[in-house]
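Student: coords please:
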Amino acid sequence: MMLCGRRPTLVLAILVLAAAVPFPAFALVPDDALKLSQAALGRTVGDYTFRNTKGQPVSLNDFRGKPLVVNFIYTSCSQSCPVIVNTLADTVEVAWDAIGDDGFNVITIGFDVANDLPERMRLFQRKQGVNYDNWTFLSGDLPDVLGLANDLGFQFAKSAQGFDHLDQVS
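Tutor: Down below sits the predicted model:
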C-alpha cells in the first residue's frame with residue numbers, strides 16, 4: 001500500500017510523539033501486575049547494561065554464576081521504596097549470615113530513568129544505610145530498564161503521585 005498526501009507526515013508525527021513518551025502509559029491493576037510477575041517465574045533474563053553509582057557500566061552478565069536478587073525502586077519515592085529496601089536489607093543480612101557474604105548478589109535498579117541517575121542512586125543508597133560489597137545500586141536507560149522489568153514481570157506506570165508499582169523482589 002502506498003502512502004500519499006499528508007499521511008507520511010502524520011505517521012511520522014505519531015511516531016515522534018510515541019517516542020517522546022518516556023514511560024508506560026497504562027493503569028496499573030494490582031491483580032494483573034501480580035499475575036504478570038508470577039508468569040515470569042523461570043523466564044530467562046536478558047543481558048542488559050546499567051551504570052553503578054560511580055557511573056561505570058555494569059552488565060547483568062557480570063552477576064552470572066551465583067543467585068541474584070533484584071528489586072526496582074525510584075529515588076523520589078518517600079513511601080514504599082525506602083521501606084522495601086530496608087526490609088530487604090534486614091532479610092539479606094540474615095541470609096548472608098546463614099550462607100556467607102559471597103553466596104549471592106543484590107541489585108537495586110532505579111526505574112525513573114530521567115531522575116534515577118548514578119548520583120541520585122548513591123544518595124538513596126546512603127540514606128537507606130545500605131553499604132554491602134555484594135549489593136549494587138544501578139541506573140539505566142529506558143530500553144534496558146523496561147527490558148529487565150519485562151523479563152522479571154515488573155510493571156510501573158507514571159502517576160500523579162510519581163509512579164504506581166508493586167513492591168517486588170525477584
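Student: every contact and neighbour count from this point should use C-alpha atoms.
Tutor: Noted.
Student: tell me the helices and strands packed up against the longest helix belonging to the chain.
Tutor: With secondary structure taken from DSSP state H, the chain has its longest helix at helix 80-99. When contacts are defined as 3 or more C-alpha pairs under 8 Å, 6 or more residues apart in numbering; DSSP states H and E, helix 80-99 packs onto helix 118-128.
Student: partner strands of the following helix or strand past the helix it packs on and their direction?
Tutor: With elements assigned by DSSP states H and E, the helix or strand that comes after helix 118-128 is strand 135-138. Strand 135-138 sits in its sheet next to strand 105-110 (parallel), going by DSSP bridges.
Student: C-alpha coordinates for the partner strand, CSV please?
Tutor: Output of strand 105-110 as CSV, limited to C-alpha atoms (Å, rounded to 0.1, in the frame of the first residue of the first chain):
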residue,chain,number,x,y,z
ASN,A,105,24.4,-10.6,45.0
VAL,A,106,21.7,-8.0,45.2
ILE,A,107,21.0,-5.2,42.7
THR,A,108,18.6,-2.3,43.1
ILE,A,109,17.6,-0.6,39.9
GLY,A,110,16.1,2.9,39.6
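Student: and the angle for that strand with helix 80-99?
Tutor: Counting by axes from the mean of the first three to the mean of the last three C-alpha atoms, to 10 degrees, strand 105-110 lies at 170 degrees to helix 80-99.
Student: next, the angle from strand 105-110 to helix 118-128.
Tutor: Using the same axes, to 10 degrees, strand 105-110 lies at 120 degrees relative to helix 118-128.
Student: what are the buried residues along strand 105-110?
Tutor: Neighbour-count burial for strand 105-110, counted by 16 or more other C-alpha atoms under 10 Å, picks out N105, V106, I107, T108, I109, G110.
Student: same list, these, but as TSV with pLDDT and distance to T87 please.
Tutor: Listed next are these as TSV, based on pLDDT from 0 to 100; distance: C-alpha to C-alpha, whole Å:
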residue	pLDDT	distance to T87
N105	95	16
V106	95	13
I107	94	14
T108	96	13
I109	96	16
G110	94	17
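Student: which of those residues sits closest to D141?
Tutor: Lowest distance from D141 to the buried residues of strand 105-110 (C-alpha to C-alpha) belongs to G110, with 9.9 Å.
Student: cool, thanks, signing off.
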